[in-house]
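Peer 1: When you get a sec, could you give me coordinates for this:
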Amino acid sequence: MAGILSPTALSWRFLKGRSMNDIQGYQNGPVETGASRAKEMSPRAYNLAMSALIFLGFCAMGAGAYFTSTMSFARMMMSGAALPLVFGSFILTIVGMVMMSAAAGKQSVGLSLVGYVIFASTFGLTASFGLANYDLPTINTAFIATAAITFVFGALGVTFPKFFQRVYGIGFGILLATILVEIVLMFMGVSQTITDLIVIVVFAGFIGYDTYVATTVPPTLPNAVLMASNLFVDIINVFLRILNILGRRD
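Peer 2: Below you'll find the model as predicted:
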């Protein structure tokens with residue numbers, strides 16, 4: 001399932017680049033859109049909003065994990081009905097991304113929140129499909145490791161922003177190349193522990209970069225939604241790749 005989420009993350013990186021250009025334009029001189037523009041929040045409220053949105057994303061993932069562990073989902077898998085659900089979740093995830101990207105440029109509170117609800121629920125559901133393959137101690141270990149990586153690289157991103165700005169483009173290229181290699185290895189039946197490690201390093205770098213970027217944009221709710229979704233995608237990809245590695249070890 002982590003292999004599905006990495007291409008999704010690439011799509012989000014592309015859309016995020018466009019929305020960041022829109023935010024920059026908003027900072028330099030916003031154009032009236034006829035909609036109520038988001039008001040700036042205090043730094044504390046902005047950070048709390050991002051944290052709460054990321055937490056809600058994990059709640060959506062937990063709800064998805066519960067659903068995929070039920071007999072109803074097992075029957076869907078056996079009947080083949082789960083495939084349309086996976087495909088539909090992927091499409092809706094992209095729809096949510098597009099909505100959040102557009103909302104950041106327009107600074108539309110309503111559009112950003114609706115987009116995040118669609119994105120978090122469907123992306124969280126997709127991410128949860130693979131959790132049933134692991135026991136609770138393994139999941140807890142992966143969660144603790146992911147939390148440590150998030151804290152360390154988030155702090156590094158704020159401390160050394162120029163470094164993460166320089167390596168961001170390189171990381172994007174490495175991620176694209178790694179996904180292509182994974183597709184080949186998947187058909188060859190080769191273990192992908194090394195590619196999992198590469199993806200962890202890349203997304204850890206993205207965590208540092210996105211944490212820094214979150215401190216540079218105006219503290220509005222649409223921007224908090226966009227920044228939270230960036231970090232949520234990064235964190236989930238690190239978490240699932242660590243799960244893959246721990247699962248092979250066990």
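Peer 1: gap between the helix or strand encompassing I183 and the chain center?
Peer 2: Per DSSP states H and E: I183 is located in helix 161-188. Here the centre of helix 161-188 is set off from its chain's centre by 15 Å, with Cα atoms, centre = their mean, to the nearest Å.
Peer 1: Toward the C-terminus, what is the element adjacent to it?
Peer 2: The helix or strand immediately downstream of helix 161-188 is helix 193-214, counting by DSSP H and E.
Peer 1: what is the rounded mean pLDDT of the helix holding I183?
Peer 2: Mean pLDDT, computed over helix 161-188, is 87.
Peer 1: what do you get for stretch 230-238?
Peer 2: For stretch 230-238, mean pLDDT is 90.
Peer 1: could I have it exported to CSV, CA atoms only?
Peer 2: Extracted C-alpha coordinates of stretch 230-238, given in CSV (Å, rounded to 0.1, in the frame of the first residue of the first chain):
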residue,chain,number,x,y,z
ASN,A,230,1.9,18.5,3.4
LEU,A,231,3.2,17.2,6.7
PHE,A,232,0.5,14.5,6.9
VAL,A,233,1.5,13.1,3.6
ASP,A,234,5.2,13.1,4.6
ILE,A,235,4.6,11.5,8.0
ILE,A,236,2.3,8.8,6.7
ASN,A,237,4.8,7.8,4.0
VAL,A,238,7.6,7.6,6.6
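Peer 1: The nearest residue to F58 once chain neighbours are set aside: how many residues sit nearby?
Peer 2: Nearest residue to F58 in three dimensions, chain neighbours excluded: G124, at 7.4 Å (Cβ to Cβ, 6 or more residues apart in numbering). Heads up, the C-betas are built off the backbone N, CA and C, glycines and all. Neighbourhood size, G124 [other Cβ atoms under 10 Å]: 23.
Peer 1: before we move on, what about S128?
Peer 2: Neighbour tally, S128, other Cβ under 10 Å: 22.
Peer 1: Also A63?
Peer 2: Applying other Cβ under 10 Å, we find 14 residues neighbouring A63.
Peer 1: Report the buried residues of the helix or strand containing M76.
Peer 2: Taking DSSP H and E as the criterion, M76 maps to helix 71-79. For helix 71-79, the neighbour count (16 or more other Cβ atoms under 10 Å) marks 73, 76 as buried.
Peer 1: I'd like to know the phi and psi angles of E40, please.
Peer 2: The phi/psi pair for E40 (degrees, to the nearest 10) reads phi -70, psi 140.
Peer 1: A104 and S112 touch, don't they?
Peer 2: Yes: A104 sits in contact with S112 when judged by Cβ atoms under 8 Å, with a separation of 6.9 Å.
Peer 1: more crowded one of these two?
Peer 2: Neighbours per residue (other Cβ under 10 Å) separate A104 from S112, with A104 holding more: 30 against 27.
Peer 1: Which residue ranges of the protein form helices?
Peer 2: Under the criterion DSSP state H, helices of the chain are mapped to 2-28, 43-68, 71-79, 82-106, 109-128, 136-159, 161-188, 193-214, 221-249.
Peer 1: hey, which of these is tucked in deepest?
Peer 2: For the helices of the chain, the largest average neighbour count (mean count of other Cβ atoms under 10 Å) is found in helix 221-249, namely a mean of 24.
Peer 1: angle of that helix against helix 161-188?
Peer 2: 50 degrees (axes from the mean of the first three to the mean of the last three Cα atoms, to 10 degrees).
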